[in-house]
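Colleague: attaching a predicted model along with its sequence, questions to come.
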Amino acid sequence: MRLIDTHTHLDFPDFDADRRELLAAARASGVEKMVVLGVYEGNWQRLWDLVKAEPSLYAAFGLHPVYLDDHRPEHLLALGDWLTRLRGDPQLCAVGEFGLDYYLEELDRERQQALFEAQLQLAVDFDLPALLHVRRSHAAVIATLKRFKLKRGGIIHAFAGSYEEAREYIKLGFCLGLGGAATWPQALRLHKVLPRLPLDAVVLETDAPDMAPAMYPGVRNSPLHLPEIAGALAGIMGVEVGVLAQASSRNACGIFGWH
């Protein structure tokens, strides 16, 4: 079974003690490619150094809404500079992680929206897919995406919306990222949505080190868990795990332009 982990934070210090061994074990378990997403300007160089040292890794750079108070106007300019400098590099695959977070009420929504739109424009300008964080903000994200019309689409990370919201994202050219949170027993509404999703619109992810699946509660998540996440999700969706894995990898390759 060949898998692609479309959303990790393998540059985080959580992996400093055993990163190389973990990556080797993940590849041995069938996880052939892993995307590492930047979340604030201060971690982009560390992330890129990691990616360039590991041919199975791919980078995305973005300004995550949860770190809103850390972002400065010059960081947006820096993001444009990074994308300009790395344009055409095969290990640069997307803009992300960015989006809207309405769960944390202390995050100013107007500032979030401005930052969201500026990064969507960068995705348009550089013809890159967008990897989006969407938490309790589906209506605002969908409305904004309808205005920007990204040619390359992207991924809605950790999708937990309704079937109607899923359909809107799919119409806009986005795939839905499914990972550990979708295996949690409390995700009852999502478990009703999953069997209705078309296989050509889903991709698998871990969000490592966060959102460990139900079979590993409270532990550090990692790409090593992706085969078991795939198995659990396939059971919920009513398909063979190999069929889900193949569809996810095909969809991810389509989004990122991998052949």
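Modeller: All right, it came through fine.

Colleague: find me the pLDDT at the closest residue to residue 38 other than its chain neighbours, would you?
Modeller: Excluding the flanking residues, the one nearest residue 38 by Cβ to Cβ, 6 or more residues apart in numbering is residue 61, at 4.2 Å. Heads up, the C-betas are built off the backbone N, CA and C, glycines and all. For residue 61, the pLDDT comes out at 98.

Colleague: with residue 259 instead?
Modeller: On the pLDDT scale, residue 259 gets 83.

Colleague: dump the residue contacts of it.
Modeller: For residue 259, the contacting residues are residue 253, by Cβ atoms under 8 Å, 6 or more residues apart in numbering.

Colleague: roughly how far apart are it and residue 253?
Modeller: In this view, residue 259 and residue 253 are 7 Å apart by Cβ to Cβ, to the nearest Å.

Colleague: swap in residue 167?
Modeller: Taken as Cβ to Cβ, the span from residue 167 to residue 253 is 23 Å.

Colleague: please apply the same query to residue 18.
Modeller: Relative to residue 253, and taking Cβ to Cβ, residue 18 is found at 28 Å.

Colleague: what's the answer for residue 12, then?
Modeller: Taking Cβ to Cβ, one finds residue 12 at 26 Å from residue 253.

Colleague: who's more crowded, the two?
Modeller: residue 12 (18 against 14; other Cβ atoms under 10 Å).

Colleague: any chance you could map the helices in the stretch 1-150 of the chain?
Modeller: 19-28, 44-52, 73-86, 109-125, 138-148 (DSSP state H, counting those that start in this stretch).

Colleague: contact partners of the shortest one?
Modeller: Contacts with helix 44-52, where a contact means Cβ under 8 Å, 6+ apart, come from 10-11, 19, 36, 38, 57-59, 61, 78, 82, 86, 91.

Colleague: most neighbours among these, please name it.
Modeller: residue 61 (29 neighbours).

Colleague: okay if I get the contacts of helix 44-52 as CSV plus distance to residue 235?
Modeller: As requested, the contacts of helix 44-52 are exported to CSV (distance: Cβ to Cβ, whole Å):
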residue, distance to residue 235
10, 27
11, 32
19, 30
36, 28
38, 33
57, 29
58, 29
59, 32
61, 35
78, 44
82, 40
86, 39
91, 34
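
Colleague: sweet, I'm off.
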